[in-house]
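Chemist: sequence plus predicted model, see below.
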Amino acid sequence: MVVKISIIIPVYNEEESIKKLYEKILDVVKDKYLYEIIFIDDGSTDSSAQNIKDIIAGDPNVHLIVFRKNFGKAAALQAGFRNCTGDIAITMDADLQDDPKEIPRFIEKLNEGYDLVSGWKQKRHDPLEKRLPSKLFNKVTSHLSGVHLHDFNCGFKAYRKEVVDSIDVYGELHRYIPVLAHRKGFRIAEIVVEHHAREFGKSKYGFERYLRGLFDSMTVAFLGKFYDRPMYFFGKIGLVLCLLGGLICGYLTVLWCLGQGIGDRPLLMLGVLLLILGVQMFSTGFIGDMLVDATYHKRYNEAHIKEKL
């Protein structure tokens with residue numbers, strides 16, 4: 001059986017590297033695999049899209065999705081996942097820091113029985129101010145998620161088709177794809193990959209991505225435990241609040257029955273507040289359960305796309 005691979009490449013203002021990257025990929029996959037290359041232009045303001053169109057004119061295996069504006073890497077990957085047709089999907093960056101010669105190694109690792117193989121940039125050619133926060137992020141994410149990888153940030157990954165069909169990425173969750181896949185029971189592996197220094201342009205990520213990453217790590221930690229059972233989280237909080245509020249109000253009721261005034265006591269306000277908050281927590285849990293039961297949120301939106309070739 002011949003396996004088809006889909007190479008998914010988000011692009012944002014990488015006009016200088018597009019054609020060189022394509023040539024490197026072609027050297028690896030041509031005459032060896034059935035392949036398609038899907039470029040997702042994430043609202044580039046340079047000539048990236050036109051350079052890809054020039055490639056398409058000579059290679060029908062290359063496709064382009066153009067976003068109306070910059071929606072972010074997660075949205076670009078999601079578009080690639082929803083439009084790829086290969087048995088194996090490979091994601092990589094367009095800046096030439098990922099080396100296409102690693103693709104056969106990813107496929108070999110998948111053939112050992114894994115569903116997702118993530119790259120590990122063991123020797124990383126990035127500034128210190130990027131490496132140190134990344135190491136901290138990887139350690140925290142590994143601890144919170146229970147998925148023990150060295151490099152969650154690496155965009156160079158290989159997936160079986162069933163993996164990309166069953167996960168949805170949005171916001172900054174592209175960094176947590178192994179966690180999302182692990183949550184669904186897929187087998188995860190990691191291989192060391194060669195990482196090159198950036199040849200053209202500059203990094204598109206600033207300090208704000210670490211703040212977004214913090215919030216998303218909290219989201220992933222919550223979803224990993226309570227995604228399909230939100231009542232387990234909100235119900236526990238609601239139960240504690242209702243018990244505390246009930247005890248306080250019960251105590252005040254006894255005092256009132258003994259003839260003491262309780263109307264101006266701050267403790268009464270606290271007890272009532274705890275009861276109200278407890279009921280709200282239970283209500284949130286019920287609503288969450290109904291949402292989980294009714295539908296699965298689709299974050300990918302066809303309206304993002306301006307054209308598809």
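Modeler: Cool, got the structure.

Chemist: could you break this protein into its assigned domains?
Modeler: Annotated domains of the chain cover 4-227, 230-293 [automatic domain parsing].

Chemist: in a markdown table, list those along with mean neighbour count, distance to L309 and mean pLDDT.
Modeler: Where C-beta positions appear, they are placed from N, C-alpha and C, glycine not excepted. As requested, the domains of the chain are exported to a markdown table (neighbours: other Cβ atoms under 10 Å; distance: least, Cβ to Cβ, whole Å; pLDDT from 0 to 100):
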| stretch | mean neighbour count | distance to L309 | mean pLDDT |
| --- | --- | --- | --- |
| domain 4-227 | 18 | 5 | 86 |
| domain 230-293 | 15 | 36 | 90 |
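
Chemist: could I get those as CSV with distance to K308?
Modeler: Converted to CSV, the domains of the chain look like this (distance: least, Cβ to Cβ, whole Å):
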stretch, distance to K308
domain 4-227, 5
domain 230-293, 31
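
Chemist: and T91, backbone torsions?
Modeler: According to degrees, to the nearest 10, the main-chain angles of T91 amount to phi -110, psi 140.

Chemist: where's it relative to G80, distance?
Modeler: 7 Å (Cβ to Cβ, to the nearest Å).

Chemist: likewise for L241?
Modeler: 44 Å.

Chemist: does the residue lying farthest from the centre of the chain sit in a helix or strand, and which one?
Modeler: Most distant from the centre of the chain: G259, at 60.1 Å, with distances by Cα atoms, centre = their mean. Assigning secondary structure by DSSP states H and E places G259 outside every helix and strand.

Chemist: ok, now the one 10 residues further on?
Modeler: M269 belongs to helix 266-294 when assigned by DSSP H and E.

Chemist: just checking, what packs against that helix?
Modeler: Secondary-structure packing of helix 266-294 (3 or more Cβ pairs under 8 Å, 6 or more residues apart in numbering; DSSP states H and E): helix 230-257.

Chemist: how distant is the helix it packs on from the center of its chain?
Modeler: Taking Cα atoms, centre = their mean, to the nearest Å, one finds the center of helix 230-257 at 38 Å from the center of the full chain.

Chemist: that one to helix 266-294, inter-axis angle?
Modeler: Put simply, helix 230-257 runs at 160 degrees to helix 266-294, going by axes from the mean of the first three to the mean of the last three Cα atoms, to 10 degrees.

Chemist: could you tell me which residues make contact with C257?
Modeler: C257 is in contact with no residue at all, counting by Cβ atoms under 8 Å, 6 or more residues apart in numbering.

Chemist: could you check how far it is from D87?
Modeler: 73 Å.

Chemist: so A94 touches Y22, yeah?
Modeler: No: judged on Cβ atoms under 8 Å, A94 makes no contact with Y22 at a distance of 9.8 Å.
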